[in-house]
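K.L.:
need coordinates for the following:
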Amino acid sequence: MLKPNTKKQSKTMLSIKTPKSLRAKRALEKRAPKLVELEKKTLILHGTKTSNTLNAVLTEIYHLKKDNSVKYSRRNDNIRPFEAGGETSLEFYSLKTDCSLFVFGSHSKKRPDNLVIGRTYDHHIYDLVEVGVENFKSLSSCSYDKKIAPLIGSKPFFAFIGEGFENTEELKHLKEVLLDLFRGQVVSNLNLAGLDRVYVCTAVGSNKVVFTHCALRLKKSGTVVPKVELVEVGPTMDLVVRRHRLPDESLKKEAMKVAPELIQKKVKNVSKDAIAGKIGKIYVPDQQVGSTSLPFTPKGVKRERREAKAKGDDDKHSEKKQKKQKQKQKQKQDDETSA
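P.N.:
Numbering: from 1, shown residues only. The predicted structure follows:
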């Protein structure tokens, strides 16, 4: 009976592939985890069957995120995001393109114009939101001055209108996913001149959102603050939430971890105020003024000392007089008694 070569198997299992060229090394370093992550890339995929409306929606999303998006035009028969085993190909494409967001479009009789927006963590499915597209209006159907809001290079505003984004779980989840999809890179400082467009999301009912893309037009108002007008530039559509899947608690806890280098250490006796800014408490010990030695004696102190000394001398003189008077009285008494 032949024995299996366990030594050879263990060597192949423990072998680590190292980059053989500088180009491959740079590519691996680019994909490696970073303290401050870059802008998230979006993967756009087509399902087994798509409609003309859905093809236009996917193209519009690709144009809005042209700098950080990858679009595949082939049909994918084996991708089923909400089914077990239907996520393998999706995770493979996410790893291949290094994308942490994806938009998957499919069309069927049961779910027409279906759009699945999801996020991945470590190239595994994190969460999913499935919406139906209605009343779609494309960029080309809106007539406006292209100089008002260039689609590339500017950072948009977001306006969420309606109580549904605070009360309904489906709309809360959709709000998070839309923010991640369109907000771009997270920055600390902004140039106000570059804020020239806004995404307006209005909650209608418990599962419907009116998504509108508008440009900001500034006009003279006679004051320092200009008058702001919204110009619809497209795309505009109604998103009806059909299904959604929240992330697992253990996966969410792992994804929300912050590197120790980015955690700000708490400083004692220091707090922040919205108006005053940084506020600190300083400990001041008790000052023992009486025991400290002064470099010079003020004139007032000298005068007080002279008065106290004169008063003390007068008191001593009066005490001596009183003693002498008592002694004289005592002698008289003694003389009288002896006589």
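
K.L.:
pretty sure Ala56 sits in a helix.
P.N.:
Yes: secondary structure assignment places Ala56 in a helix (DSSP: H, G, I helix; E, B strand; the rest coil).

K.L.:
that one touches Ser138, doesn't it?
P.N.:
Yes: counting by CB atoms under 8 Å, Ser138 is a contact partner of Ala56 at 5.4 Å. For glycine as for every other residue, the C-beta is placed from the backbone atoms N, C-alpha and C.

K.L.:
strands of the stretch 101-250 of the chain, start to end?
P.N.:
Using DSSP state E, counting those that start in this stretch, the strands of the stretch 101-250 of the chain run over residues 101-106, 114-121, 124-137, 157-161, 197-204, 208-219, 227-245.

K.L.:
pipe those strands into TSV and attach mean pLDDT and mean neighbour count per row.
P.N.:
Converted to TSV, the strands of the stretch 101-250 of the chain look like this (pLDDT from 0 to 100; neighbours: other CB atoms under 10 Å):
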stretch	mean pLDDT	mean neighbour count
strand 101-106	96	23
strand 114-121	95	21
strand 124-137	95	19
strand 157-161	92	14
strand 197-204	92	18
strand 208-219	90	19
strand 227-245	91	17
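
K.L.:
out of these, which comes closest to Lys278?
P.N.:
Smallest distance to Lys278 across the strands of the stretch 101-250 of the chain (CB to CB): 28.8 Å, for strand 157-161.

K.L.:
so what touches that closest one?
P.N.:
Strand 157-161 has contacts (CB atoms under 8 Å, 6 or more residues apart in numbering) with 175, 178-179, 182-183, 195, 197-203, 216.

K.L.:
among those, which one sits closest to Lys96?
P.N.:
Using CB to CB, the contacts of strand 157-161 come closest to Lys96 at Phe182, 23.4 Å.

K.L.:
distance of the closest one relative to Tyr93?
P.N.:
Phe182 is 21 Å from Tyr93, where distance means CB to CB, to the nearest Å.

K.L.:
kindly report the same for Asp273.
P.N.:
As judged by CB to CB, Asp273 and Tyr93 stand 49 Å apart.

K.L.:
thinking again about what came up before, relative to His63, which of the strands of the stretch 101-250 of the chain is closest?
P.N.:
Of all the strands of the stretch 101-250 of the chain, strand 227-245 sits nearest to His63, with 9.0 Å by CB to CB.

K.L.:
same for the closest one, what does it pack against?
P.N.:
When contacts are defined as 3 or more CB pairs under 8 Å, 6 or more residues apart in numbering; DSSP states H and E, strand 227-245 packs onto helix 52-64, strand 124-137, helix 169-182, strand 197-204, strand 208-219.

K.L.:
much appreciated, bye for now.
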